[in-house]
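**Q** Have a look at this fold, sequence not included:
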């Protein structure tokens, strides 16, 4: 199989060329940048890097739906913010939620169940929920070109990890099916769990409303080290939340690849980030400073508009640029 | 290759039979206990399960040696306990150290360096240090029968993880060479790290004197879930520190194997644990209650004396029992 077969949704250009060049250097024993197979790790941010993050993180949609589902067990929520506004469907109030409000919603809706029950709840939800713009499951709003990169890297001996600010337990519930990434290759924000023996002496893990890992910004390299014990050779992100992960990767020896997805395609997705003058996501942001830093360091900025023939598997190739 | 080839240091008996039976059930598609290859995980405690833990954990020997090595940079230690007693070689004082003393020694000697420098320090130390009884590197005091089980499980499609109360960074420095276990398959007690950009914009992780994970007792299943997102199918330990891990494993579906190493061989190693009336290690203990619980639940207790032909690779087979 040729490389072109593995990256069919990419236009020819500097981004595709950088990926192919990286893999060739990493896997060619004669290259000074050769990477032993046991050291081939690639890490991918999820929201905005592998799937659509606008207008709201999918996990937050899940959390809001869970508030509604759990409301009958919490009559006090009718009179308690931020739950009251969620139950009232008050979009103006929602848009003004503070980080503390969001944390209260996520912690409450992600705790008080066993880890195994939670995985089933997420799997059920994600099979049914639909994005309002496309009317499709959120899991179909994954970027086909990035799925191709993951496959290409795996075919080249890399282990592909997700390194997400999103919840580890949430993402694990669908990562194998959607990305081909098994649960043990998902590093994410994680709640504490508490081991409790059951009456038959078997034991379950109860999800707690407390954070163990908040996997964003500097915590991304810290948690990569916790899980892998080493630096990756390739890292993919789309915001300042990923900057430290890319920098940590750049400090490795041998072949390295650092890439940032730039959301510059208003027609096919959303337009935000550097040089757009438009508001960014409420969390990580692709600032002009990050863009300038990336250019100075030789990191690759992926233009969704120019580099991708299509964004989603369900689309025909619609890029204005011909390859 | 036959099973006998893969477990040559095991005598015939219930322990070996249980291992072989487990692997056959887990890997036979026609078995009701069949386990898909992607779910085949086995977890091993280290101290007392894979290598000698008496009279002192190897990592504690390392920490005491580091106190001596770092003393010139800490003149105040001459007058500060617990360092003063360590530097004076006061064995009576050492034997009375509290958990707080030991924590101070471990935290101080394991922090203030980059993760990469620490890995080199450990690798250098473990190559040179010798156990006083056998006069051999600590890494040769690994139990040959357990190394064979790890190989046998890997040959049967299992991923083998270490799940140790010992330091993750310490164990990772030699786990690949000694056990064939790569860094990303080592779950251990872990210090916090702090990501710091260096002057060239590359970034390093500094080890902090604070605990992130103390991987013992109930934290073992909690951390297994954090890393793997699921229950193992086989778990090996030797103390109450491993009891929750074995119980968590027993709650899986399909083939399961729970084993405890019983140190009942005074001649070839040390005698301690249930029914011996002898003192145990200062941390996890193989209590009579654990022994009774294991027997009641059908967990397998490995008698080092009866089940193992030899303990170490450098030994001839010396078991009193013929197989």
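**A** Noted; the coordinates are in hand. Keep in mind that this is a model prediction, so the values were computed, not measured.
**Q** What's the local residue count around residue A:117?
**A** Neighbour count for residue A:117, taken as other Cβ atoms under 10 Å in any protein chain shown: 13. Any C-beta I mention is one placed from the backbone N, CA and C, and that applies to glycine too.
**Q** give me phi/psi at the closest residue to residue A:159 other than its chain neighbours?
**A** The shortest distance from residue A:159 to any non-neighbouring residue, by Cβ to Cβ, 6 or more residues apart in numbering or on different chains, is to residue A:41 (5.4 Å). Phi and psi for residue A:41, reported as degrees, to the nearest 10, are phi -120, psi 140.
**Q** and if you look at residue A:63?
**A** According to degrees, to the nearest 10, residue A:63 has phi -60, psi -40.
**Q** Let me see the contact set for it.
**A** Counting by Cβ atoms under 8 Å, 6 or more residues apart in numbering or on different chains, residue A:63 makes contact with A:105, A:106, A:109, A:110.
**Q** With adjacent residues omitted, what lies nearest to the third one?
**A** In space, not counting the residues next to it along the chain, residue A:109 is nearest to residue A:66; the distance is 3.7 Å by Cβ to Cβ, 6+ apart.
**Q** any idea how far the host helix or strand of that neighbour is from the chain center?
**A** Using DSSP states H and E, residue A:66 falls within helix A:58-70. Relative to the centre of its chain, helix A:58-70 is centred 18 Å away, using Cα atoms, centre = their mean, to the nearest Å.
**Q** Equivalent analysis for stretch A:114-121, please.
**A** From the chain centre to the centre of stretch A:114-121 is a distance of 20 Å (Cα atoms, centre = their mean).
**Q** Does chain B have contacts with it?
**A** Yes. Applying Cβ under 8 Å from any Cβ of the partner chain, one finds stretch A:114-121 touching chain B at residue A:115.
**Q** So for that stretch, what gets flagged as buried?
**A** For stretch A:114-121, a neighbour-count test (16 or more other Cβ atoms under 10 Å in any protein chain shown) marks A:115, A:118, A:119, A:121 as buried.
**Q** Now for the spatially most central residue of chain A: which residues touch it?
**A** Geometric centre of chain A, nearest residue: residue A:46, 0.9 Å, by Cα atoms, centre = their mean. Residues counted as contacts of residue A:46 (Cβ under 8 Å, 6+ apart) are A:162, A:164, A:166, A:171.
**Q** Helix, strand or coil: sort out the residue nearest to it when sequence neighbours are not counted for me.
**A** Distances taken as Cβ to Cβ, 6+ apart place residue A:164 nearest to residue A:46, at 4.0 Å, with adjacent residues excluded. Secondary structure for residue A:164, judged by DSSP: H, G, I helix; E, B strand; the rest coil, is strand.
**Q** Run through the residues that contact residue A:164.
**A** Residue A:164 makes contact with A:45, A:46, A:47, A:171, A:186, A:187, A:188, A:189, A:215, according to Cβ under 8 Å, 6+ apart.
**Q** where are the low-confidence patches of the stretch 151-300 of chain A?
**A** The model of the stretch 151-300 of chain A has pLDDT under 70 over residues A:277-284.
**Q** hang on, residue A:206 in a strand?
**A** Yes. Counting by three-state DSSP, residue A:206 is found in a strand.
**Q** Now do the contacts for it.
**A** Listed by Cβ under 8 Å, 6+ apart, the contact set of residue A:206 reads A:112, A:113, A:114, A:115, A:193, A:194, A:196.
**Q** Residues in a beta bridge with it, which ones?
**A** Listed by DSSP bridges, the beta-bridge partners for residue A:206 are residue A:114, residue A:194.
**Q** Get me the contact residues on chain A for chain B.
**A** For chain A, the residues in contact with chain B (Cβ under 8 Å from any Cβ) are A:38, A:41, A:115, A:168-169, A:172, A:176, A:182-184, A:186, A:190, A:192-195, A:197-198, A:201-205, A:212, A:218-219, A:221-222, A:225-230, A:244, A:247-248, A:250-251, A:297.
**Q** Which residue is the nearest non-sequential neighbour of the residue in the stretch 51-200 of chain A that chain B sits nearest to?
**A** Closest approach between the stretch 51-200 of chain A and chain B, counting by Cβ to the nearest Cβ: residue A:183, at 3.1 Å. Excluding the flanking residues, the one nearest residue A:183 by Cβ to Cβ, 6+ apart is residue B:229, at 3.1 Å.
**Q** count of neighbours near that neighbour?
**A** 21.
**Q** From residue B:101, how far off is it?
**A** To residue B:101, residue B:229 is 37 Å away according to Cβ to Cβ, to the nearest Å.
**Q** again with residue A:31
**A** For residue A:31, the distance to residue B:101 - Cβ to Cβ - is 51 Å.
**Q** who's more crowded, those two?
**A** Counted by other Cβ under 10 Å, residue A:31 and residue B:101 do not tie: residue B:101 has more neighbours, with 17 against 13.
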